[in-house]
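> Below is the sequence, then the predicted model.
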Amino acid sequence: MAKLTIEAENCKGCGLCVDACPQKILRIDPEAINHKGHSPAQMTDESRCSGCGSCAIMCPDCAISLER
Amino acid sequence: MAETVLMKGNEALAEAAILAGCRHYFGYPITPQTEIGAYLAKRMPQVGGVFLQAESEIAAIHMVYGASCAGKRAMTSSSSPGISLKSEGLSYLAGSDLPAFVVNVQRAGPGLGGIQPAQADYFQATRGGGHGDFRNIVLAPASVQEMADLTIRGFDLADRYNMTAMILSDGTIGQMMEQVVLESATPTEYEKPWALTGTRCEREKNVITSLYLAPAELEQKNLSRFERYQIVQRVEATHEAYCMEDADICVVAYGISARVSKNAVAAARAKGIRAGLIRPITLWPFPTEALKQAAGSVKHFLSVEMSMGQMIQDIELAIRCTRPVSLVSRVGGIIPTPEQVLLAIEHANKGEAV
């Protein structure tokens, strides 16, 4: 079971992780807003995460970490 | 050979400022340029420089005025609403003929607008951006590498012409991560006999002011300033031409819009359409000559911009309206797609309305 952590304060909402996720379980959360004003990425269904780490590798701001 | 690193546009710009010999940064945070200040807060103390978060944007630009009076390379950075606040300082810097380096990482407006990228401050930047007759040198980076390179050039131009050099970037280029090579070079030192460095009772005191109550003297100041501006226009206008050798359709775009347009031009070429791109690197001075020359063979110009039609006026002026110029734009924080630009190129090529 993989555990994904998104550091919302470091996220600029670019959406590259959303594109990279093969399971399509990440989204940009339009309801949330960080201190810089960006809407960060959000995990929608942890149970379907395969732990591949594509999102963490893709994230240009190192805002995603994965434990497995 | 300098190392290639992956950096955010704002951070590459900040590191380049240090390479350019800037040791005085004054600013106030605002998305999407906050990383410039954050980076320099960390770096300036390491190089014996000053990082100061001012109480406001207005304070920050006047601190730049002060440091520049002392002959030092100084900078401030902000995003659109913050630049409006700085416009008073921009006018005073111009009125006092002081070099300064100012960064605008544009966001959508007017007012507070949004935090997503835009190019709606074109008029504000290229027309001076404050009261009185003056211009700023305006540089438009289209990559993280250019955020660095044009920063180094900007400090140099500011010192050479005693005027403000402004980077007109946008939220995309500022936030984007890309590879960049930061070459260290010794910054050119400029003689500044006018600087306020203390007379040590050995010379007449220098006075730096923008106040000239005698109209004849003030007229002379304006005239000599514009003679300098004419030299800048003659010498410093810079652009990139892509596929322009035999172009029928000429796309004109700067910054992130130029990146999108370049893809569209390549796609048009693949379809056999003779499209080309002129990318102004300096927005003031505008690359008028290059456009005038292109108008000799180009049938239709397209101005791709993230504003409601601002740069299009400079294109029409440059070519004296001898060819049709159409606007292709998205605003409010939305970036045009290559497909949108390609469609416009196709319409223009068929002589249809864009």
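Yep, that arrived. As the structure is a computational prediction, the values presented were derived from the model and not from experiment. Residues are numbered from 1 along each chain as shown, chains lettered A, B, ... in the order given.

> how close does B:Gln175 get to chain A?
Using C-beta to the nearest C-beta, to the nearest Å, B:Gln175 is found at 5 Å from chain A. Where you see a C-beta, it was placed from the backbone N, CA and C, and this is true even at glycine.

> what are the phi and psi values for that residue?
Torsion angles at B:Gln175 (phi, psi; degrees, to the nearest 10) stand at phi -90, psi -20.

> Please report the distance of it from B:Ile36.
Separation of B:Gln175 from B:Ile36 (C-beta to C-beta, to the nearest Å) stands at 11 Å.

> what sits in contact with each of the two?
Listed contacts common to B:Gln175 and B:Ile36 are B:Asn10; contacts here mean C-beta atoms under 8 Å, 6 or more residues apart in numbering or on different chains.

> now A:Glu31, nearest residue through space, not along the chain?
A:Ser39 (7.8 Å; C-beta to C-beta, 6 or more residues apart in numbering or on different chains).

> for B:Leu85, same thing?
B:Glu57 (3.9 Å).

> more neighbours, B:Gln175 and B:Ile36?
Neighbour comparison, B:Gln175 and B:Ile36: the larger count goes to B:Ile36, with 30 against 25 (by other C-beta atoms under 10 Å in any protein chain shown).

> residue contacts, that one?
Counted by C-beta under 8 Å, 6+ apart, B:Ile36 has contacts B:10-11, B:13-14, B:27, B:77, B:103, B:105, B:174.

> That one: which element?
Here B:Ile36, judged by DSSP states H and E, is contained in helix B:34-46.

> ok, the closest residue to chain A within the stretch 101-250 of chain B - how many residues close by?
Residue nearest to chain A within the stretch 101-250 of chain B (C-beta to the nearest C-beta): B:Met177, separated by 3.7 Å. By the criterion of other C-beta under 10 Å, B:Met177 has 18 neighbours.

> Quick check: beta-bridge partners of it?
B:Lys8 (DSSP bridges).

> Show me what the helix or strand where B:His62 lies is in contact with.
Assigned by DSSP H and E, B:His62 belongs to helix B:57-69. Contact with helix B:57-69 is made by B:24, B:26-28, B:30, B:52, B:54, B:74-76, B:78, B:82-83, B:85-86, B:88-90, B:92-93, B:96, B:98-102, B:195-196, B:208, as judged by C-beta under 8 Å, 6+ apart.

> In that helix, which residues are buried?
Using 16 or more other C-beta atoms under 10 Å in any protein chain shown as the test for burial, helix B:57-69 gives B:57-65, B:67-69.
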